[in-house]
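Q: Next come a sequence and a model predicted from it.
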Amino acid sequence: MREEMQIAILGATGYTGLEVVRLLHKHPEAEVTYVSSDSQAGAELADVYPHLRGVLAYTLEGADPAEIAKRADYALVALPSGVSTNLVPGLLEAGVRVIDLAGDHRLPDDVYAKWYKKQPPAPTVLERAVYGLPELYKSQITGASLIANPGCYPTATLLSLLPLVKNGLIDPHSLVIDAKSGVSGAGKALSAGTHFVEVNENFKAYKVGEHQHIPEIEQVLTDVNPSGEAVTISFTTHLVPMIRGILTTSYAKLTGSYSTEDLLAVYREFYRDAPFVRLHSAGNFPQTRDVTASNFCDIGLRVDPRTNRVTVIGCIDNLVKGAAGQAIQNLNLLAGLPETTGLLNVPVYL
Ligand SMILES: NC(=O)C1=CN([C@@H]2O[C@H](COP(=O)(O)OP(=O)(O)OC[C@H]3O[C@@H](n4cnc5c(N)ncnc54)[C@H](OP(=O)(O)O)[C@@H]3O)[C@@H](O)[C@H]2O)C=CC1
Ligand SMILES: CC(=O)N[C@@H](CCC(=O)OP(=O)(O)O)C(=O)O
């Protein structure tokens, strides 16, 4: 009989860590054996989050790589960027396979230092990292020891655009991406720009032209660009007064005269083995509530023959396909399980 995977969740009191806890509770092949918190070590997770009482009983512990290695095969690291850089080397050295939800291992060191304004991980660690977008890099993910789980905005944006860029159907230099997120994307820590009074009954752009996800998106689009030329994008993020959800709207100039149906056929082929990408038929578009609390990415598109541009709408739940769910999808691939294991729940529509 197959043994359950033993899993450590680091940063379990944060929004994405808590979502990993929720999703793994229903995972048939995973046992959570270590649950960490820095500020609340020693407390019961169900005392910190009373909605877990009677369902889960985990005692929070400080993150000690040697101790984690004794009790876990895999660590899902849901810590702030900069913090994960310090913990990951010890985990890898101790033989634990790591999925890092933070941005620390997604970019080359100089690019990370420039956009995150933090000390990058050591080159010897970075060279082990595989970018964990299963719909594009599945074969590289399966054998990796360190997965850089993609950012939430890059997940929705890349899944919306990969079939177009990879097949040379758009001019990638014409790409404009308008992205909107619920406030849980900013994490649990208080900040002046994200507390209730600032976001309720309000809608605002932020980090205009300087969002840290710009180089992450450009790097992957460049990787699939058939011309090999570097892709640059115009990308603007907005904060929406809701808790979960990301909706991206991407616009690009077409390289030929294609219909909506032509492009949808390309997407259907591109995502034929991607169980979490759901395509809308012509004339239909996704909304965030179609994917809430699920690992789906829903996509709809339309060609405008007047401008010869295409508009692509992508929706994910930032905490699930944008973080915890995608991390578990990657965990499944590392463990040789079907990628959907434990993840095919019905979205919460209301
Ligand atoms: N929120 C989202 O939608 C997404 C987030 N991410 C990334 O995932 C990571 C986690 O995000 P999220 O869950 O939102 O963040 P949160 O701020 O909600 O949680 C982070 C957790 O990390 C712990 N922590 C904070 N500071 C330290 C520290 N100095 N040392 C050790 N532990 C610390 C805290 O737990 P405690 O105080 O108990 O120690 C906290 O609960 C981040 O890197 C984020 O950028 C990626 C994709 C989407
Ligand atoms: C709404 C909101 O504030 N979202 C965050 C997403 C941060 C994130 O996911 O951070 P990584 O860089 O680790 O991917 C932001 O825009 O910065």
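A: Here it is on my side, so go on. Everything numeric here is computed off the predicted structure, so don't read it as measured data. Ligands and ions are numbered 1, 2, ... in the order given.
Q: got the residues of the protein near ligand 1?
A: Proximity of the chain to ligand 1, by Cβ under 6 Å from any ligand atom, involves residues 11, 13-17, 37-40, 78-81, 83, 101-103, 151-152, 184-185, 187-189, 318-319, 322-323. All C-beta spots, glycine's among them, are computed from the backbone N, C-alpha and C.
Q: Go through those and flag which are in strands.
A: The strands, defined by DSSP state E, take in nothing from the residues of the chain next to ligand 1.
Q: Among these, which ones lie close to ligand 2?
A: Checking the residues of the chain next to ligand 1 against ligand 2 (Cβ under 6 Å from any ligand atom), the matches are 81, 102-103, 151-152, 185.
Q: Could I get those in a markdown table, plus columns for neighbour count?
A: Converted to a markdown table, these look like this (neighbours: other Cβ atoms under 10 Å):
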| residue | neighbour count |
| --- | --- |
| Ser81 | 18 |
| Ala102 | 23 |
| Gly103 | 25 |
| Gly151 | 24 |
| Cys152 | 27 |
| Gly185 | 24 |
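Q: Turn the residues you listed into a markdown table, columns for pLDDT.
A: Converted to a markdown table, these look like this (pLDDT from 0 to 100):
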| residue | pLDDT |
| --- | --- |
| Ser81 | 96 |
| Ala102 | 98 |
| Gly103 | 98 |
| Gly151 | 98 |
| Cys152 | 98 |
| Gly185 | 98 |
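Q: Tell me the one among these nearest to Ala57.
A: Nearest to Ala57, judged by Cβ to Cβ, of these is Ala102 at 27.3 Å.
Q: so what's that closest one up against?
A: Contacts here follow Cβ atoms under 8 Å, 6 or more residues apart in numbering; on that basis Ala102 touches 77-84.
Q: and it, what are its phi and psi?
A: Backbone torsions for Ala102, taken as degrees, to the nearest 10, come to phi -80, psi 170.
Q: any idea how far it is from Val88?
A: According to Cβ to Cβ, to the nearest Å, Ala102 and Val88 sit 9 Å apart.
Q: Can you check which residues contact both of the two?
A: With contacts taken as Cβ under 8 Å, 6+ apart, Ala102 and Val88 have Val77 as neighbours in common.
Q: what's Leu169 in contact with, if anything?
A: Counting by Cβ under 8 Å, 6+ apart, Leu169 touches 163, 254-256, 258, 263, 266, 310.
Q: sorry, back to before: pull the most distant pair out of the contacts of Ala102.
A: So, the contacts of Ala102 by Cβ to Cβ: farthest apart are Ala78 and Gly82, at 13.7 Å.
Q: Who has more neighbours out of the two?
A: Neighbour comparison, Ala78 and Gly82: the larger count goes to Ala78, with 29 against 15 (by other Cβ atoms under 10 Å).
Q: Tell me who's in contact with the more buried one.
A: Counting by Cβ under 8 Å, 6+ apart, Ala78 touches 9-12, 14, 16-17, 20, 101-102, 323-324, 327.
Q: what's the answer for Phe203, then?
A: Each residue near Phe203 by Cβ under 8 Å, 6+ apart is listed here: 238-241.
Q: go again using 6 Å as the cut-off
A: With contacts defined as Cβ atoms under 6 Å, 6 or more residues apart in numbering, Phe203 has no neighbours.
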